[in-house]
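Q: okay, predicted coordinates and the sequence, questions at the end:
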Amino acid sequence: HLQLVESGGGLVHSGGSLRLSCAGSGFSVNDLSVGWFRQVPGKEREPISCISGKDDIPFYTSDPNGRFAISKDSTKNTVYLQMNSLKPEDTGVYYCAVRGFCSWSQYEYTNWGQGTQVTVSA
């Protein structure tokens, strides 16, 4: 039974940092790719980053603009999203999801975590 649990969200001032975690069970982060998405009310989930399963290649959309870094710890079967220089527009619920290969389309992922709220105050 594949499960994902996000954690690490919270309230931070503009310019601050957070590290989100996506702990997986029922699969290996060395076999499947893990993507991070952000959702704000009334909008679809938008892609932020993804790390490939077998070769650990990180991918980013243009949105983080060098402020975020994705990584994984295979011993903990966990993927992290380090977010620096946070801005109010980074506010939203952050979700992780898995599939065979990285994709920017939320519709190509079938397994999602419950999300973690990130709020960045001005």
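A: Great, that's in hand.

Q: contacts only, for residue 70.
A: For residue 70, the set of contacting residues under the criterion of C-beta atoms under 8 Å, 6 or more residues apart in numbering consists of 36, 49, 50, 51, 58, 60, 79, 80, 81, 82. No exception for glycine: its C-beta is placed from N, CA and C like everyone else's.

Q: one more pass at 10 Å, please.
A: Residue 70 makes contact with 20, 22, 34-36, 48-51, 56-60, 64, 79-82, 96, according to C-beta atoms under 10 Å, 6 or more residues apart in numbering.

Q: report the central residue of the protein.
A: Compute the mean C-alpha point of the chain, and by C-alpha atoms, centre = their mean the closest residue is residue 36, 2.6 Å away.

Q: what helix or strand is it on?
A: Counting by DSSP states H and E, the element that carries residue 36 is strand 33-39.

Q: returning to what we had before: what subset of the contacts of residue 70 is buried?
A: Buried members of the contacts of residue 70, scored by 16 or more other C-beta atoms under 10 Å, are 20, 22, 34-36, 48-51, 59-60, 64, 79-81, 96.

Q: ok, the nearest residue to residue 106 once chain neighbours are set aside to residue 109 distance?
A: Here the nearest residue to residue 106 in space, its sequence neighbours aside, is residue 45; by C-beta to C-beta, 6 or more residues apart in numbering that works out to 4.4 Å. For residue 45, the distance to residue 109 (C-beta to C-beta, to the nearest Å) stands at 9 Å.

Q: tell me, what's touching these two both at once?
A: With C-beta under 10 Å, 6+ apart, residue 45 and residue 109 have common neighbours 35, 37, 95, 97.

Q: just the buried ones from those residues?
A: Buried positions within the shared contacts of residue 45 and residue 109, assessed by neighbour count (16+ other C-beta under 10 Å), are 35, 37, 95, 97.

Q: what's the angle from the strand or helix carrying the third one to strand 33-39?
A: Secondary structure assignment for residue 95, by DSSP H and E: strand 92-99. Here strand 92-99 runs at an angle of 150 degrees relative to strand 33-39 (axes from the mean of the first three to the mean of the last three C-alpha atoms, to 10 degrees).
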